[in-house]
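J.: Dropping a prediction and its sequence here:
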Amino acid sequence: MSVRYSIVVPIFNEEEVLPELYKRMSALLDTLDGSAEVIAVNDGSRDHSLEILRDINAKDPRFKVISFSRNFGHQMALTAGLDYAQGDAVIAIDADLQDPPEVIHDLIAQWKNGYDVVLAVRSERLGETIFKKFTASLFYRLINRLTDLKIPVDSGDFRLMSRKVIDSMRLLREQHRYMRGLSVWVGFKQTQVQYVRQERYAGTTKYPLKKMLRFATNAITSFSYVPLQVATNLGMVFAVLGFLGLPIIGILRLEYGEAFLGGQATTLSIVLFMGGVQLIFLGIIGEYLGRIYDEVKRRPLYLVGEFIGFEQNSIPLKQTGPLSYLEADARR
Ligand code: UDP
Ligand code: MG
């Protein structure tokens, strides 16, 4: 039986890019050694992306569309793509052509060498601001320090995953998803290939600072308790300082009299400082607590408004529970 490939592309307001993406992608599909489907996940675009995707599907049924009921975010779009991908190997790629589709050949070559996860790692980043490069490298260093996951610095979501990996990742239904981490967490045989990250073909980034920060906190809280443990360590340090401080202050008072450290200003700033530290850690606990709250609500990860180009039996009838796709598998 010939191989089947799935290519998953999250799309949020990418109307300027889609025609070129179609051109490059369909040319690439023609050169693959098996059949291929492209699953475009329209993440609640507010421009004409959905209409363009609909036209593309009409002229080339290899291109299918999952259209969300609203914007659920990049990571959910990827999740949906992986949920519905049928290929033996599944490739996740950005829509903006920053990841050249031609690199997929290299990914596939490594998959054929027996690897289950092939990460595309940027050897060079063209046309990205210094700010973006700096925050990105800071972020990857931080996450590698805080977690046990070894995620290569400079890998994005561009990667190939084998069927084994996809089936494993589909079991992970957490609400705040850091897909790059999850695909490393599952294990199996992992490798990387290098590529040069291009400039965005058209349009502007769909990751403003606010989304980037949310992405980073999700990544850290998904894979690390270190922020919580910092409170314990810092608490111990302050407790020891306070404990040692008492006798020392007593002695110094006897020596120098009432005036020693008598000012209200010192007290005030220490109270403010300690209050601030405690509020920060309350906030950090809150980040984890909010995520627990989101988990217990058990809301579906995303809602699909429309499937375009899928065979009826590959679509779950009801999208209620987080595991509804499993029911769909059972019916197949
Ligand atoms: N994207 C998405 N939903 C969002 C934001 C982005 O599906 O809420 C998609 C976007 O269309 C693109 C990919 O995620 O295909 C990466 O976004 P972008 O290229 O803007 O991020 P950057 O490369 O600037 O980090
Ligand atoms: Mg991009």
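T.: Perfect, thanks for sending it. Source: prediction; values computed, not measured. Ligands and ions are numbered 1, 2, ... in the order given.
J.: Let me see the confidence value for Arg200.
T.: At Arg200, the pLDDT value in this model is 80.
J.: And the one 4 residues further on, by the same measure?
T.: We have a pLDDT of 79 for Thr204.
J.: Just confirm it is within a helix.
T.: No - with DSSP: H, G, I helix; E, B strand; the rest coil as the criterion, Thr204 is coil rather than part of a helix.
J.: So which bits of stretch 170-180 are buried?
T.: For stretch 170-180, the neighbour count (16 or more other Cβ atoms under 10 Å) marks 170, 173, 175-180 as buried. In short, each C-beta sits where N, CA and C put it, glycine included.
J.: what's the answer for stretch 16-29, then?
T.: Those would be 16-18, 21-22, 25-26, 28-29, for stretch 16-29 by 16+ other Cβ under 10 Å.
J.: those helices in the stretch 101-250 of the chain, which residues are they?
T.: Assigned by DSSP state H, counting those that start in this stretch, the helices in the stretch 101-250 of the chain fall at 104-112, 130-146, 163-169, 179-185, 209-223, 226-256.
J.: could you dump those to TSV with mean pLDDT and distance to ligand 2?
T.: Output for the helices of the stretch 101-250 of the chain, formatted as TSV (pLDDT from 0 to 100; distance: least, Cβ to the ion, whole Å):
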stretch	mean pLDDT	distance to ligand 2
helix 104-112	94	17
helix 130-146	81	10
helix 163-169	92	22
helix 179-185	88	14
helix 209-223	86	12
helix 226-256	87	28
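J.: Of these, which is nearest Gln98?
T.: Nearest to Gln98 among the helices of the stretch 101-250 of the chain is helix 130-146 (11.3 Å), distances taken as Cβ to Cβ.
J.: for Arg291, what are its contacts?
T.: Applying Cβ atoms under 8 Å, 6 or more residues apart in numbering, we find Arg291 in contact with 175-176, 221.
J.: actually Ile66, not the one I typed
T.: Here Ile66 is in contact with 39-42, 80-81, 84, 304, 306-308, 310 (criterion: Cβ under 8 Å, 6+ apart).
J.: Strands of the chain, start to end?
T.: 4-11, 35-42, 63-68, 89-92, 117-125, 155-162, 190-197, 304-308 (DSSP state E).
J.: what about the nearest residue to Ile285 once chain neighbours are set aside, how many neighbours?
T.: Nearest residue to Ile285, sequence neighbours excluded (Cβ to Cβ, 6 or more residues apart in numbering): Leu228, at 6.9 Å. By other Cβ atoms under 10 Å, 14 other residues sit near Leu228.
J.: quick revisit: most packed of the helices of the stretch 101-250 of the chain?
T.: helix 179-185 (a mean of 22; mean count of other Cβ atoms under 10 Å).
J.: Show me what that helix packs onto, helices and strands only.
T.: If you count contacts as 3 or more Cβ pairs under 8 Å, 6 or more residues apart in numbering; DSSP states H and E, helix 179-185 packs onto helix 74-84, strand 155-162, helix 163-169, helix 209-223.
J.: just wondering, since we're on Gly250, how far is it from Val9?
T.: Separation of Gly250 from Val9 (Cβ to Cβ, to the nearest Å): 69 Å.
J.: I misspoke; the intended subject was Arg54.
T.: Counting by Cβ to Cβ, the gap from Arg54 to Val9 is 15 Å.
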